[in-house]
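Engineer: Let's see this in three dimensions:
(one chain, ligands or ions: 1)
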Amino acid sequence: MQRALGIVEVTDDPADWRWQLRQATRTLDDLGTRLSLTPDEVAGVARAEREGLPLSITPYYLALADRSDPGCPIRLQCVPSAWEAATVPGDLVDPLGEVAHEVAPHLVRRYPDRVLLLATDQCAVYCRFCTRSRVVGDGAGPSPTADLEPAMAWIAAHPEIHDVIVSGGDPLTMATPRLARLLARIRAIAHVDTIRLATRVPVTLPMRVTDELVQALRPLHPIWVMTHFNHPKELTPEAIRACATLADAGFPVMNQTVLLRGVNDDAPTLEGLFRGLVRARVRPYYLLQADPVRGSAHLRTPLARGIELMEQLQGRVSGIALPRLVCDTPGGRGKVPLARDTVVAWTPGKTALRTFRGEIVTYEDPPEF
Ligand code: SF4
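Structural biologist: Predicted structure coming up:
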């Protein structure tokens, strides 16, 4: 059954992404009917109703959560905890220094050749570890075209910018015509080579990836989709179908996993996730050390943990399934790859390397010709 909501036809069909957004769980009362909440979660949700990052979970994503297990990796990512009220040394409201690196309204530049465009504050699910928790979900919605025009003018005036990452919030929560107009505006800037869509929709709202969407966007290629699977439970048939729809329409799909305590900070979980992503034609791109965003310390791991985990996976998992472990340095100074040094000794012409088995192997440089 269909009915009109403004000028948009919406349905009562759970397979319709707009239904999923309208039916998202946003209150303690609603969540309490769907999950057996712990006192910690009750306090966390009550706080999220008053301040900070709001609560929003699509019916689709909530259905992946274990009703009675508070340690469920889906729950940990989307249900607020009382620990969000805690502050610890090193916490930052804006860990990547995006405010300091804003070059035009909604436009952040932290690297020489690329910029980040924050096109909306809305997401399907508000992730409790979100690095942009200071602004997402604040109710503003998608930015009007006129508000983004200074950002477009800035990009057009900087020919060294070759890559525009459209983020938010989640740009795929925008209506297709609005998103297509925005991307067409970016595509009209001759020196922009690639547009990247940073989205968690394939994970939290996969029915959003419709044929209508990919048909509207594919004339604007090259568009890369940067998605964000954190746990194998998220690789459902619906999510895999969304990734296949994107891949079939020519969108390279890359995944950025955030390393999260209790969610994916063990080698078997990461191995299952990375292998599943490759099966879904999604390239594991980054394993990100969680940003020190205020209120998320309970979900972060020590920096050394990620290095240990990557060492356990190195050699055991094919290179195409192994992402790069990086720390996006606090203050917005850029990503730094993390690894223990594999060069154990160096003399002119000879380098001793430690393999994933712990063997020391010497590589000899070629003679000078
Ligand atoms: S979808 Fe992305 S921007 Fe939105 S809350 Fe999650 S991590 Fe933050």
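Engineer: In the protein, which residue is most central in space?
Structural biologist: The residue lying closest to the centre of the chain (CA atoms, centre = their mean) is residue 228, at 3.9 Å.
Engineer: where do the helices sit along this protein?
Structural biologist: Under the criterion DSSP state H, the chain contains helices at 17-22, 28-34, 39-50, 59-62, 73-78, 145-156, 176-187, 201-204, 211-217, 237-248, 267-279, 303-313.
Engineer: burial measure for the residue of the stretch 151-300 of the chain found nearest the ligand, as a count.
Structural biologist: Nearest to the ligand in the stretch 151-300 of the chain, going by CB to the nearest ligand atom, is residue 200, at a distance of 3.6 Å. C-beta coordinates here come from the backbone N, C-alpha and C atoms, glycine included. Neighbourhood size, residue 200 [other CB atoms under 10 Å]: 26.
Engineer: Check residue 11 too.
Structural biologist: When neighbours are counted by other CB under 10 Å, residue 11 comes out with 12.
Engineer: go on, residue 174?
Structural biologist: 21.
Engineer: what does residue 248 give?
Structural biologist: Residue 248, neighbours per other CB under 10 Å, totals 11.
Engineer: How much space separates it from residue 202?
Structural biologist: Taking CB to CB, to the nearest Å as the measure, residue 248 falls 14 Å from residue 202.
Engineer: buried stuff in stretch 67-82?
Structural biologist: If you call a residue buried by 16 or more other CB atoms under 10 Å, then stretch 67-82 has these buried ones: 70, 72-82.
Engineer: For the protein, which residues are neighbours of the ligand?
Structural biologist: 123, 126-127, 130, 132, 136, 168-170, 200 (CB under 6 Å from any ligand atom).
Engineer: Can you add pLDDT and give those back as a markdown table?
Structural biologist: Formatted as a markdown table, these follow (pLDDT from 0 to 100):
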| residue | pLDDT |
| --- | --- |
| 123 | 97 |
| 126 | 98 |
| 127 | 98 |
| 130 | 97 |
| 132 | 94 |
| 136 | 92 |
| 168 | 90 |
| 169 | 94 |
| 170 | 98 |
| 200 | 98 |
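Engineer: If we only consider those, which is nearest to residue 154?
Structural biologist: residue 168 (18.1 Å; CB to CB).
Engineer: how deep is the closest one tucked in, by neighbour count?
Structural biologist: Neighbours of residue 168 using other CB under 10 Å come to 24.
Engineer: coming back round to it: would you mind confirming that the residue nearest to the centre of the chain makes contact with residue 260?
Structural biologist: No. Look at residue 228 against residue 260 with CB atoms under 8 Å: they stay out of range, at 11.4 Å.
Engineer: in the protein, which ranges drop under the pLDDT threshold?
Structural biologist: Across the chain, the ranges flagged by pLDDT under 70 are 1-10.
Engineer: Can you give the domain ranges for it?
Structural biologist: 2-85, 102-337, 339-369 (automatic domain parsing).
Engineer: just how off-centre is the longest one within its chain?
Structural biologist: Same thing as domain 102-337. Relative to its chain's centre, domain 102-337 lies at 4 Å (CA atoms, centre = their mean, to the nearest Å).
Engineer: any chance of the domains of the chain in JSON lines, with distance to residue 94 too?
Structural biologist: JSON lines is the format used below for the domains of the chain (distance: least, CB to CB, whole Å):
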{"stretch": "domain 2-85", "distance to residue 94": "14"}
{"stretch": "domain 102-337", "distance to residue 94": "6"}
{"stretch": "domain 339-369", "distance to residue 94": "27"}
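Engineer: Mean neighbour count, those domains: which tops it?
Structural biologist: With neighbours defined as mean count of other CB atoms under 10 Å, these peak in mean count at domain 102-337, which reaches a mean of 19.
Engineer: Just the terminal-to-terminal distance for it.
Structural biologist: End-to-end distance for domain 102-337, by CA to CA, to the nearest Å: 24 Å.
Engineer: Excluding chain neighbours, give the residue nearest to residue 295 in space.
Structural biologist: Distance criterion CB to CB, 6 or more residues apart in numbering; nearest residue to residue 295, sequence neighbours excluded, is residue 84 at 4.0 Å.
Engineer: Roughly how far does that neighbour sit from residue 325?
Structural biologist: In terms of CB to CB, residue 84 sits 26 Å off from residue 325.
Engineer: repeat for residue 358
Structural biologist: Taken as CB to CB, the span from residue 358 to residue 325 is 19 Å.
Engineer: Repeat that for residue 215.
Structural biologist: Counting by CB to CB - residue 215 and residue 325 are separated by 36 Å.
Engineer: End to end on stretch 362-369, go ahead and measure it.
Structural biologist: Start-to-end, stretch 362-369 (CA to CA) is 21 Å.
Engineer: Give me the contacts around that stretch.
Structural biologist: 349-353 (CB atoms under 8 Å, 6 or more residues apart in numbering).
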